[in-house]
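# Next one to model:
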Amino acid sequence: MYDLLDDTADFIVIYKYPGVSFHREGDQAGLFETVKQQQMLNELYPVHRLDKVTSGMLIMAKTATANRMLGEAFAQRQVEKYYLAVSKRKPRKKQGLIKGDMERARRGAWKLTINQSNPAITQFFSKSLGDGERLFLVKPYTGQTHQIRVALKSIGAPIWGDELYGGQDVHADRTYLHAFQLRFPLNSKTYCYQVMPRHGDVFLQPRFIEAMQDFMHPDTLAWPAL
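A predicted model of the protein is given here:
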């Protein structure tokens, strides 16, 4: 369900497995409940969340004060988030900015519109993995529901394995979206955590590892202008 990456006085950092729900589903305990119980914590606060299909980095606060401070950092866009995704489709552009309002669609999905009243803003780079696959390094400036999944679909490159947004494929062993790196301030200190994907055949292949050499320090890249 998860791997513990770090445990500090203020927060814990975990690697969430793909296919794990953050909240309880019927009789099945969710990730948050399981972590709190297994780590034997009286207090634990969900600072942010990942979709069920997404793997990767999650922070949970261990005190109310840390939760408030981290929540403010997210709200003020002081937290830098970087994601990895794979698509089997050729995008309409290979890098740049995806920007537009999001509105509800059918079956619990969302869609991007041309309106700009409260836009979801996503920056990205991409490169070929060969075999008709493309790797995306994504930096969401905003944090709206399903934002990256909707953004990549909007440029014709739905995430491989994403059944909700047109990436369904019987050969996909997971939805290929991964929370790769988090950089955030707390108590006058800057923390940076990075974790490579640990699940998914494509994510574990040598060609993916080779392609990642250009993306291992995402905070130093010249990102497309907002």
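# I14 touches V20, doesn't it?
No - the pair I14 / V20 is not scored as a contact, 10.4 Å apart, by CB atoms under 8 Å. All C-beta atoms are positioned from the backbone trio N, CA, C, and that covers glycine.
# who's in contact with the residue lying farthest from the centre of the chain?
Distance to the chain centre peaks in the chain at N42, reaching 27.4 Å (criterion: CA atoms, centre = their mean). By CB atoms under 8 Å, 6 or more residues apart in numbering, no residues touch N42.
# Can you read off the backbone torsions of it?
In terms of degrees, to the nearest 10, the main-chain angles of N42 are phi -70, psi -30.
# what's the overlap in contacts for I14 and V20?
Y2.
# residues touching I159, list them.
If you count contacts by CB under 8 Å, 6+ apart, then I159 has A85, V86, S87, I148, R149, L152, K153, Y165, G167, T175, Y176, L177 around it.
# Quick one: distance of the strand or helix carrying the fourth one to the chain centre.
Element membership of I148, judged by DSSP states H and E, is helix 147-154. For helix 147-154, the gap between its own C-alpha mean and the chain's C-alpha mean amounts to 12 Å (CA atoms, centre = their mean, to the nearest Å).
# List the buried residues of stretch 153-170.
K153, S154, I155, A157, P158, I159, W160, G161, D162, L164, Y165, G167 (16 or more other CB atoms under 10 Å).
# and which of those residues is nearest M69?
Among these, I159 lies closest to M69 (CB to CB), at 32.0 Å.
# what phi and what psi does the backbone show at the closest one?
Dihedral angles for I159 - degrees, to the nearest 10 - are phi -70, psi 130.
# what about stretch 160-180, how long is it end to end?
17 Å (CA to CA, to the nearest Å).
# cool, and stretch 57-77?
Calculated as CA to CA, the first-to-last residue distance of stretch 57-77 is 17 Å.
# for the record, mean pLDDT for it?
Averaged across stretch 57-77, the pLDDT comes to 97.
# Outside of it itself, list whatever touches it.
2, 5, 8-16, 31-32, 35, 41, 43-50, 79, 141-143, 179-182, 184-187, 193-195.
# And that stretch, what's buried?
Of the residues in stretch 57-77, those buried (16+ other CB under 10 Å) are M57, L58, I59, M60, A61, K62, A66, N67, M69, L70.
# between I14 and V20, who's got more neighbours?
With neighbours defined as other CB atoms under 10 Å, I14 and V20 compare such that I14 has more, 21 against 17.
# And the nearest residue to the more buried one once chain neighbours are set aside, how far from Y176?
Ranked by CB to CB, 6 or more residues apart in numbering and with sequence neighbours excluded, the top spatial neighbour of I14 is Y2, at 4.6 Å. Using CB to CB, to the nearest Å, Y2 is found at 19 Å from Y176.
# For the buried residues of stretch 57-77, which two are the farthest from each other?
M57 and M69 (18.2 Å).
# on that earlier part again, from the contacts of stretch 57-77, list just the buried residues.
2, 10-16, 31-32, 35, 44-48, 50, 79, 141, 179-182, 184, 186, 193-195.
# List the neighbouring strands of the strand or helix carrying L137 plus their orientation.
According to DSSP H and E, L137 maps onto strand 133-140. According to DSSP bridges, strand 133-140 forms sheet pairs with strand 80-87 (antiparallel), strand 120-130 (antiparallel).
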